[in-house]
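Need the 3D shape of this:
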Amino acid sequence: MNNTQQYQSILVQPQGRLDTQGGRALEKQLVNLATNPQTLLIVNLEQVEFMSSSGLISLARALKNARTSGCRLVLCNLQPSVKLIFELTQLDSVFEIFDTCAAAKATVEKAVLVA
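Here you go, the predicted model:
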């Protein structure tokens, strides 16, 4: 018997500032997308130049919701200033963070092949 899993990858690309308003909008979008347990949500932060604590909280809540739904939520392409925020808050150990979106997708595909 051969059992394979297929992940549906969804790329989300916020832009600008992830503050109170931007964070809430992103969280709502991610919650709406995290409905299928076989979903990989890739959040490309390449065009996010600022993230406040509200933005971090919104991403943390979206991650919790994704895990509850059986989805995977990963981050990629963090700008140096945004990456520093994750490191200072030690959230870099909570989130899966990749240098590129391709690396994020490849890691999941590799994990599915091994399983």
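
Tell me which residues of the helix or strand that contains Thr68 come out buried.
Element membership for Thr68 (DSSP states H and E) is helix 53-69. Within helix 53-69, the residues that count as buried by 16 or more other C-beta atoms under 10 Å are 54-56, 58-60, 62-63, 66, 69. C-beta: built from backbone N, CA, C; applies to glycine.

and the next helix or strand after that helix, which strands flank it?
Downstream of helix 53-69, the next assigned helix or strand under DSSP H and E is strand 72-76. If you go by DSSP bridges, strand 72-76 pairs up with strand 39-44 (parallel), strand 96-98 (parallel).

Could you export the ones you listed as a markdown table, including distance to Ser81?
Below are these laid out as a markdown table (distance: least, C-beta to C-beta, whole Å):
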| stretch | distance to Ser81 |
| --- | --- |
| strand 39-44 | 16 |
| strand 96-98 | 14 |
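
ok, how many other residues are close to the closest residue to Glu46 other than its chain neighbours?
Nearest non-adjacent residue to Glu46, counting by C-beta to C-beta, 6 or more residues apart in numbering: Asn77, 3.7 Å away. For Asn77, the neighbour count with other C-beta atoms under 10 Å is 21.

residues contacting Asn77?
44-46, 99-101 (C-beta atoms under 8 Å, 6 or more residues apart in numbering).

centroid residue for the chain?
Nearest to the geometric centre of the chain sits Val74, at 3.2 Å (C-alpha atoms, centre = their mean).

Is that residue bridged to anything, and to what?
Beta bridges link Val74 to Ile42, Glu96, judged by DSSP bridges.

who touches it in this structure?
Listed by C-beta under 8 Å, 6+ apart, the contact set of Val74 reads 40-43, 95-98, 104, 108.

If we use 7 Å, what do you get?
When contacts are counted by C-beta atoms under 7 Å, 6 or more residues apart in numbering, Val74 touches 40, 42, 96, 98, 104.

any idea how far Asn65 is from it?
Computed as C-beta to C-beta, to the nearest Å, the Val74 to Asn65 distance reads 14 Å.
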